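**Student:** 3D model of this:
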Amino acid sequence: MTPEEAGRKARRAGLSFPGIRQIVVKLGSGIVTDPEEGLRESTIRALAAQVSACRTEAGISSIVVTSGAVAAGRKKLGMVTRPKTVALKQAAAAVGQTTLMRAYERAFEKHGMHVAQLLLTHDDFEKRERYVNAQNTLTTLLSRGIVPIINENDTVATEEIRLEGDERGANDHLAALVTQMTGADLLVMLTDSDGLFTKDPHRFPDARRIPLVENPDDESVRNAIGLGTSSAGTGGMSSKIHAARVLSASGIPVVIASGLAPRPILDALEGKDAGTLILPRNTGKLSTRKMWIAYAQHAHGTVLVDDGARKVLLEGGKSLLPAGVTGVRGDFVPGEMVSVADQKGRVFARGIARWSSAQVDRCRGKRSDEVRRILGEGTPAVVVHRDDLTILPSMKSGETRKGTA
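**Tutor:** Sure, this is the predicted structure:
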């Protein structure tokens, strides 16, 4: 498909106001901040105007995931380049966060709207209770017409903090998790690029924008995402495609567009040929809990199953019994997340274990009566219950992926 044909198809597949009720907008450091001037308040004002139009004209609520705290803090601290230590980056984030939020507050107040700040870390998604608390807070804010402004809590995070480039990009991944958590209908990722290109447009004059992506795992997409990171941020185009893969598989479309354009959010909602539209690969959304199981947590181990168990899990919607287990990797306890893989190590599901890795190893391949003799009558009958299991959406289309513990 040529770019021109893709553009026409993107417009035909274009999103429209009637089908969208809630969106997440992610702004990268490259558009929120300028290396010389600090915060680009004009960009934030343009965002506020579009979010206001979405709400007043179409009843669409918005959540904003923003970068920029560290870059804003660097200027105040007199840093010319990125901080070289975690402590310096956290200090810059602490200084810059107040400047960033003041800019958002001023911009939205001009439209009669209030904002709320939420600082999240990956632990807030890992722990189910904290996940639900954050979810309830966001739901309450949105119900009262308040715009949540979310950023990664760089002032305390250590694992997530990025001192160099990162394939996923902390806030790109955060935006995907927030989109899933809130059941939003669309993620708009605003960057300093006009979308996804066939090549790096900064190096190749013949690079062409890709208006429509139907499968983010296509070879053409993999070839296109070998782009560098901006001087302000840590995410590249590959991190945005990583986020889009997760959401596309979960039934949620993604738009990547230039945050420096006049009205990229409204253009995306009106189906105009601007940026890159990544279509969902599944027609229905997963529930937020199923998406939490699939994507929000790190797996603590992997349970290997035979072909019969794989077939029953994929096609029958059953629980995982010990009889179908052939092996275990990693060390986990009941209540922790595990991957489920076939005999070749290809992960096709994730779930919450009801057994420990030691129990799985002792009783793999055994019948229920044998399990009761070995582990006792009080042991749960299943390794992973079907209510706590999510088949990874990509597997429904016959794909496989290699997994690790």
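**Student:** From here on, just use CA atoms for contacts and neighbour counts.
**Tutor:** OK.
**Student:** I'd assumed residue 198 was in contact with residue 209.
**Tutor:** Yes: with contact defined as CA atoms under 8 Å, residue 209 reaches residue 198; the gap is 6.3 Å.
**Student:** Residue 306 - nearest residue in space that isn't next to it in sequence?
**Tutor:** residue 324 (5.7 Å; CA to CA, 6 or more residues apart in numbering).
**Student:** where does this protein dip in pLDDT?
**Tutor:** Scanning the chain for pLDDT under 70 picks out 1-18, 154-169, 225-235, 282-286, 393-405.
**Student:** quick check: domain ranges of it?
**Tutor:** Structurally, the chain divides into domains by automatic domain parsing as follows: 3-286, 298-402.
**Student:** Switch these over to TSV, and while doing so, append mean neighbour count and distance to residue 292 to every line.
**Tutor:** Output for the domains of the chain, formatted as TSV (neighbours: other CA atoms under 10 Å; distance: least, CA to CA, whole Å):
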stretch	mean neighbour count	distance to residue 292
domain 3-286	19	7
domain 298-402	19	9
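**Student:** re the thing from before, ok, now which ones touch the residue nearest to residue 306?
**Tutor:** Residue 324 makes contact with 305, 306, 308, 309, 364, 365 under the criterion CA atoms under 8 Å, 6 or more residues apart in numbering.
**Student:** The last one contacts residue 323, doesn't it?
**Tutor:** Yes: the pair residue 365 / residue 323 is scored as a contact, 4.0 Å apart, by CA under 8 Å.
**Student:** and the gap between the closest residue to residue 350 other than its chain neighbours and residue 179?
**Tutor:** The shortest distance from residue 350 to any non-neighbouring residue, by CA to CA, 6+ apart, is to residue 339 (4.4 Å). Using CA to CA, to the nearest Å, residue 339 is found at 22 Å from residue 179.
**Student:** try residue 238
**Tutor:** Using CA to CA, we find residue 238 at a distance of 18 Å from residue 179.
**Student:** got it, and residue 371?
**Tutor:** Noted for residue 371: a distance of 41 Å to residue 179, by CA to CA.
**Student:** Spatially nearest residue to residue 209 (excluding sequence neighbours)?
**Tutor:** Once flanking residues are discounted, residue 209 sits nearest to residue 197: 4.2 Å by CA to CA, 6+ apart.
**Student:** list the contacts for that neighbour?
**Tutor:** For residue 197, the contact set (CA under 8 Å, 6+ apart) comprises 207, 208, 209, 210, 224.
**Student:** Next up, phi/psi of it, please.
**Tutor:** Backbone torsions of residue 197, given as degrees, to the nearest 10, read phi -120, psi 160.
**Student:** Likewise for residue 312?
**Tutor:** The phi/psi pair for residue 312 (degrees, to the nearest 10) is phi -60, psi -40.
**Student:** Surely it and residue 305 touch.
**Tutor:** No: Residue 312 is not in contact with residue 305 according to CA under 8 Å; the separation is 10.7 Å.
**Student:** Could you pull out the strands in the stretch 201-350 of the chain for me?
**Tutor:** Using DSSP state E, counting those that start in this stretch, the strands of the stretch 201-350 of the chain run over 212-213, 254-258, 276-278, 301-305, 325-330, 337-341, 346-352.
**Student:** which helices and strands sit right next to the fifth one?
**Tutor:** Counting by 3 or more CA pairs under 8 Å, 6 or more residues apart in numbering; DSSP states H and E, the packing neighbours recorded for strand 325-330 are strand 301-305, helix 357-363.
**Student:** Over to the shortest one?
**Tutor:** Other elements packing on strand 212-213 under the criterion 3+ CA pairs under 8 Å, 6+ apart are helix 3-12, strand 276-278.
**Student:** Could you find the closest non-adjacent residue to residue 386?
**Tutor:** Closest to residue 386 by CA to CA, 6+ apart is residue 319, at 4.3 Å.
**Student:** Would you mind measuring from that neighbour to residue 97?
**Tutor:** Computed as CA to CA, the residue 319 to residue 97 distance reads 46 Å.
**Student:** What of residue 351?
**Tutor:** 36 Å.
**Student:** For this protein, which residue occupies the most central location?
**Tutor:** The chain has residue 176 as the residue nearest its centroid, 2.0 Å off, counting by CA atoms, centre = their mean.
**Student:** ok, now how distant is that one from residue 30?
**Tutor:** For residue 176, the distance to residue 30 (CA to CA) stands at 19 Å.
**Student:** Would you mind confirming that residue 70 is in contact with residue 92?
**Tutor:** Yes: at 5.0 Å, residue 70 counts as touching residue 92 under the criterion of CA under 8 Å.
**Student:** which neighbours do those two share?
**Tutor:** When CA under 8 Å, 6+ apart defines a contact, no residue borders residue 70 and residue 92 alike.
**Student:** What are the phi and psi values at residue 332?
**Tutor:** With angles defined as degrees, to the nearest 10, residue 332 sits at phi -140, psi 160.
**Student:** check contacts around it.
**Tutor:** Residues counted as contacts of residue 332 (CA under 8 Å, 6+ apart) are 300, 301, 338, 356, 357.
**Student:** Settle this for me: the first one is touching residue 336, isn't it.
**Tutor:** Yes: when contacts are counted by CA under 8 Å, residue 300 is listed as touching residue 336 (6.7 Å).
**Student:** tell me the contacts of residue 92?
**Tutor:** Here residue 92 is in contact with 69, 70, 71, 72, 73, 74, 77, 83 (CA under 8 Å, 6+ apart).
**Student:** List phi and psi for the second one.
**Tutor:** Backbone torsions of residue 70, given as degrees, to the nearest 10, read phi -70, psi -40.
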